[in-house]
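Participant: Dropping a prediction and its sequence here:
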Amino acid sequence: MKSFQPINRKARKMEESRIAETGDVQALQENAANAPGRIYYPLGCALSFAPGWEVDVSGGTAGLCQPVERDLFDCYLGCAWPAQVPDHVSNNPDWTDKCATATNDWRNVDVVYP
Amino acid sequence: MTAVQEYRPAEHHFFESAGGEFLYLVPSGAVFGLDGLSKEIFHLLEQQTLSREALIGTLIGRGYRLDEIESTLHDMEYYDAVVSGNPKTKFPPLPAAEFPLQRIVLNVTNQCNLACGYCYEYSDDKIAKPQDKPKYMSNEVAEAAIDTLIRESAGRPKLHVTFFGGETLLNFPMLQQSVDYANRKAGALGKRVDYSLTTNATLLTEEIVDFLAEHRVGVTVSIDGDKELHDRMRVFHNGAGSYDIIAPKIKMLLKRHRTNSIGARVTLSSQVREVRRIYNHLTQELGFQGVGFSPATANPDRLYAIGNQKMDDVVDQFEELAWDYRDYALKGGQHYFTNVSDTLKELHSGISKAYTCGAGLGLLGVGTSGDIAVCHRFVDSPVAQMGNVMKDGVDHVKRRDFLEHHHVGARPDCHTCWVRPICAGGCYHESFIHTGNTAASNLHQCDRVRSWIGTCLKIYGEISVHNPKFLERFED
């Protein structure tokens, strides 16, 4: 237990706001109860910033070792990140209709306006 | 030469409760528990200011690790429990211009069928001058007031209309019409209006109570205790006491009206100060489930003014009854002393007030002629006026001016007081009666307010340790 302990709602809110400002992202933590503070970043997630992935050796995006659209579709298909892509099951079933091949048609996957 | 910045405790109130130590932080209103290292840091800095090096060196000497010292010190600095350098005193900001209105108090009549000795509308301390004003508010004025409330409420979904007097029920037909009108107008805009009224209960009938219950009108009954105590001050114009008339009506009210709260409001005066006896009578004999006490607002020269010594005794009685509340709370029980529950709610939320109350901010009072005052206590008085609902509505220039001059930052007497997040200087009407200045802090009450809030903090501390679940009732 912390030595300086919030008691009333104001103190708890101040603590919450501090965690929001300075704390680590907890959403993708693997096995959070046993390993607090260890963050799991799934492959392809935009949080993972590595040369050759987000940018190429020159700092641009022309020579990426993987296509940028993989990021998008990895989030869409394989990732549990909560607010990255539209919900294609119930709310936006047609979202990818114009995108037959991700590497060619990814520009057709538009922003969804709720 | 660079001065070494020394650490010291920031503005606070330290208290002990349930075997633990706590800090009530000012101005945030946050309550933190001290334990182990934080306790050591606080008490070291209470004794003398220390540089970071000296503080850390002392704590390492007492066996603490550097990383835990730095972490706890960082916590305490982050929450403004300890400070270094010369930070400026912080105040809540001024509200946005044209702050949305939430509540109006309609003084539906300036007439009353009682002649209570201490009444601030009729006694020696009255400031209202209703002589050239209508005796009763008309439907047109009430409707214009409700229109003003709705217009000035911006995006607020929930509004409130309080009916006040004189004796409110002398103008019951207008009250009925107003409820109907407000429901229609607000309903069309998707807003909801809640209602409350204050009454002396002499005119309550089953029909009136059924209307109040149907429309969920909260009721505050002005009553001062058992027959002997009540009839000392709350009398008809011929001097006859009103207790025998109201007691059966109150029992009928409490039995028939179950849709909103029914509270008793006790006005303490020089002649009536028996807090526990009054509380017991109102809860056990009459069945109230909410009893609030307030001393009569009075110039100290008046016979009914309580005076300093007797007021200290009243606060002692308050504190005694407050400990009863604590006993009930620790067992998860219900106690009806609302002065405590209201304060605990504010302590639990950690309120930090820019203003002592909502007057002029989210609340305005409207008199029978439609004149708007900062609250019901200033209706038809020469001060704190801000427009008329029948003419141009709220005078925003005057309202803004009032808010600028009554902000806690503009009440310098409060700037070194730890209780200002809750008190913020006290009632404007009380200030005006005592000093002739609505913006002056109520210095005659400071020690008692600090004592009372100090007691409530100790009770809060005990409940937070032994029955924290009880505090959930204070969350919205």
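Facilitator: Yep, that arrived.

Participant: And the contacts of the strand or helix carrying B:V161?
Facilitator: Using DSSP states H and E, B:V161 sits within strand B:158-164. Applying CB atoms under 8 Å, 6 or more residues apart in numbering or on different chains, the external contacts of strand B:158-164 come out as B:101-108, B:146, B:149-150, B:153, B:175, B:178-179, B:182, B:186, B:191-198, B:217, B:365, B:376. From N, CA and C alone the C-beta is placed, and that goes for glycine too.

Participant: Now the buried members of those.
Facilitator: Neighbour-count burial (16 or more other CB atoms under 10 Å in any protein chain shown) is assigned, among the contacts of strand B:158-164, to B:101-108, B:146, B:149-150, B:153, B:175, B:178-179, B:182, B:186, B:191, B:193-198, B:217, B:365, B:376.

Participant: Can you flag which of those residues belong to strands?
Facilitator: B:103-107, B:193-198, B:217, B:365 (DSSP state E).

Participant: Reformat those residues as a markdown table; add distance to B:F211 and pLDDT.
Facilitator: Shown next, in a markdown table, are those (distance: CB to CB, whole Å; pLDDT from 0 to 100):
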| residue | distance to B:F211 | pLDDT |
| --- | --- | --- |
| B:R103 | 21 | 98 |
| B:I104 | 20 | 98 |
| B:V105 | 20 | 98 |
| B:L106 | 16 | 98 |
| B:N107 | 20 | 97 |
| B:V193 | 15 | 98 |
| B:D194 | 15 | 98 |
| B:Y195 | 11 | 98 |
| B:S196 | 14 | 98 |
| B:L197 | 11 | 97 |
| B:T198 | 16 | 97 |
| B:V217 | 8 | 98 |
| B:G365 | 23 | 98 |
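
Participant: Let's have those in TSV, adding distance to chain A.
Facilitator: Formatted as TSV, these follow (distance: CB to the nearest CB, whole Å):
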residue	distance to chain A
B:R103	23
B:I104	29
B:V105	29
B:L106	33
B:N107	35
B:V193	28
B:D194	24
B:Y195	28
B:S196	26
B:L197	31
B:T198	30
B:V217	30
B:G365	30
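
Participant: quick one: the nearest residue to B:V314 once chain neighbours are set aside from chain A, how far?
Facilitator: Computed as CB to CB, 6 or more residues apart in numbering or on different chains, the closest residue to B:V314 that is not its neighbour in sequence is B:R273, at 5.5 Å. Separation of B:R273 from chain A (CB to the nearest CB, to the nearest Å): 32 Å.

Participant: now swap in B:D147 and tell me
Facilitator: The value you get for B:D147 to chain A, if CB to the nearest CB is used, is 35 Å.

Participant: For the nearest residue to that residue once chain neighbours are set aside, list the residues it contacts.
Facilitator: Of all residues not flanking B:D147 in the chain, B:K185 sits nearest, at 6.9 Å (CB to CB, 6+ apart). For B:K185, the contacting residues are B:I146, B:D147, B:I150, by CB under 8 Å, 6+ apart.

Participant: how much space is there between B:K185 and chain A?
Facilitator: In terms of CB to the nearest CB, B:K185 sits 32 Å off from chain A.

Participant: ok now do B:A247, which residues does it touch?
Facilitator: Taking CB under 8 Å, 6+ apart, one finds B:K227, B:L286 in contact with B:A247.

Participant: Check the gap between it and B:A213 for me.
Facilitator: Distance of B:A247 to B:A213, computed by CB to CB, to the nearest Å: 20 Å.

Participant: what residues does chain A put near chain B?
Facilitator: A:1-11, A:13-14, A:18 (CB under 8 Å from any CB of the partner chain).

Participant: Around the residue nearest to B:V314, how many other residues sit close by?
Facilitator: B:R273 has 19 neighbouring residues, counting by other CB atoms under 10 Å in any protein chain shown.

Participant: which stretches of chain A aren't confidently modelled?
Facilitator: Along chain A, segments meeting pLDDT under 70 span A:1, A:23-57, A:59, A:61-85, A:102-103, A:114.

Participant: In it, what residue comes closest to chain B?
Facilitator: Closest approach between chain A and chain B, counting by CB to the nearest CB: A:K10, at 2.1 Å.

Participant: Look up the closest residue to that residue, ignoring the ones flanking it.
Facilitator: B:G350 (2.1 Å).

Participant: What of B:G155?
Facilitator: Per CB to CB, 6+ apart, closest to B:G155 is B:P100, 6.9 Å.

Participant: Just give me the neighbour total for the one you found.
Facilitator: B:P100: 14 neighbours (other CB under 10 Å).

Participant: repeat for B:H396
Facilitator: By other CB under 10 Å, 15 other residues sit near B:H396.
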